[in-house]
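Engineer: Compute the structure for the input listed below.
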Amino acid sequence: MSKKKLVQYSIALTLLIETVCIILRYGFGLESATHTASTIGVITFGVRIHHGYIGVICLAIAFFYRKKKHIIIDLLMLSGAGLLFSDLIHHFLVLWLIEGNPQFYLLYR
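Structural biologist: Alright, predicted model coming up:
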C-alpha cells in the first residue's frame, strides 16, 4: 500500500473509531471508569488499558517487520495509527473540551 493511501485510511479509521467512542460515551452513557472497572479492571489488576496502548503495540510490531512487504504489516500500521490517534483525540481534545478533564488515568479509581 502506498504511503498516501496508508495515511488516508489511517485518518478515516481514526475518525471511525472516535465516532464509535463518542457514540458509546455520550449516546449510551458508557464510561470505562464505571463500566469496565469491575470486569477488565480486575483482569488487569486495576491498570486501565487505553486503546492507544494497543495501537502503540501494533505500530511497534509493524516497525520491526517493516522490511517485509506484506498486507499484515500495512494492516498493523493502519490499525495502530487509528487506535493511537483516536485515543489521543478522545482524551486530549474531546473529553478535555467537553468535560474539562482529559480523564487519562493509568489506574481505575
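Engineer: and the helix or strand of the chain with the lowest mean pLDDT, what other elements does it pack with?
Structural biologist: None of the helices or strands of the chain scores lower by mean pLDDT, DSSP states H and E than helix 32-35, at a mean of 82. Here helix 32-35 touches no other helix or strand, going by 3 or more Cβ pairs under 8 Å, 6 or more residues apart in numbering; DSSP states H and E. The C-beta positions use only the backbone N, C-alpha and C, and glycine is treated the same way.
Engineer: Which SSE is immediately downstream of that helix?
Structural biologist: helix 40-43 (DSSP states H and E).
Engineer: Buried residues, that next one. List them.
Structural biologist: Buried residues in helix 40-43, counted by 16 or more other Cβ atoms under 10 Å: residue 41.
Engineer: Which residues does that helix contact?
Structural biologist: Residues from elsewhere that reach helix 40-43, judged by Cβ atoms under 8 Å, 6 or more residues apart in numbering: 47-49, 108.
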